[in-house]
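Engineer: only geometry, no sequence info:
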């Protein structure tokens, strides 16, 4: 059982890292669009995805689309591996009801977030920084600006549905 949990966790981690590496330019563009502000701090919807991509490449070269890729890959691998390890440890995949699967899925999500969320917040800080920063510098900037809880700045939101919880709900609703 423990080795099956480990295999599941390692597989999820490798998949998470690979998807982060491959999709990082899109994530960087999305993050930049979300962080754009117009007058009076309101979000600016005037730049298209193509314009943002061109601007990123113009300012920092093609490599600028990959700023923070390694910490995002590490964060994604850690999050996915820890989620699936906890989920399987709690008996996920063995319950006879969707409710049991959902409880295990949400418990795994809630238990892994305090450990992995700081990596996500630091990675987004790196992507949105006006100057190149290391993960350590991004972490220090967050702590200097917001205190140690700054690395948990998005932790108050309700945990989003993971792919597994979404699939569980879908499979129960299909006719």
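Structural biologist: Received the coordinates, thanks. This one's a predicted model, so the numbers in the text were calculated from it and none came from an experiment.

Engineer: pLDDT score for the residue sitting nearest the centre point of the chain?
Structural biologist: Averaging the C-alpha coordinates of the chain gives a centre point, and the residue nearest to it by C-alpha atoms, centre = their mean is residue 120 (5.4 Å). Looking at residue 120, its pLDDT stands at 84.

Engineer: give the contact list for the residue lying closest to it once chain neighbours are set aside.
Structural biologist: On the basis of C-beta to C-beta, 6 or more residues apart in numbering, the spatially nearest residue to residue 120 that is not a chain neighbour turns out to be residue 75, at 5.2 Å. All C-beta spots, glycine's among them, are computed from the backbone N, C-alpha and C. Contact criterion C-beta atoms under 8 Å, 6 or more residues apart in numbering gives 20, 116, 119-120, 123 as the residues in contact with residue 75.

Engineer: I'd like to know how far the residue nearest to the centre of the chain sits from residue 57.
Structural biologist: As for residue 120, its distance to residue 57 is 24 Å (criterion: C-beta to C-beta, to the nearest Å).

Engineer: do the same with residue 36
Structural biologist: Residue 36 sits at a distance of 16 Å from residue 57 (criterion: C-beta to C-beta).

Engineer: residue 131 should be in a strand, yeah?
Structural biologist: No - counting by DSSP: H, G, I helix; E, B strand; the rest coil, residue 131 is not part of a strand but coil.

Engineer: rewinding a little: just the ones in helices from the contacts of residue 75, please.
Structural biologist: Secondary-structure check on the contacts of residue 75 using DSSP state H: residues within helices are 20, 116, 119-120, 123.

Engineer: what's the farthest-apart pair in these?
Structural biologist: Farthest apart among those by C-beta to C-beta are 20 and 116. That separation is 12.5 Å.

Engineer: for this structure, what are the low-confidence residue spans?
Structural biologist: Applying pLDDT under 70 to the predicted model, the residue ranges of the chain that meet it are 1, 37-45, 154-175.

Engineer: how does it look with 80?
Structural biologist: By pLDDT under 80, the low-scoring segments of the chain are 1-2, 35-46, 93, 128-130, 153-175.

Engineer: quick one: the helices in this protein?
Structural biologist: Taking DSSP H, the helices of the chain run over residues 2-35, 49-60, 69-89, 98-128, 135-146, 163-173.

Engineer: need the winner for burial among the ones you listed.
Structural biologist: Across these, averaging neighbours per residue (mean count of other C-beta atoms under 10 Å) puts helix 69-89 on top, at a mean of 22.

Engineer: distance from that one to the middle of the chain?
Structural biologist: Its chain's C-alpha centre and that of helix 69-89 lie 9 Å apart, by C-alpha atoms, centre = their mean, to the nearest Å.
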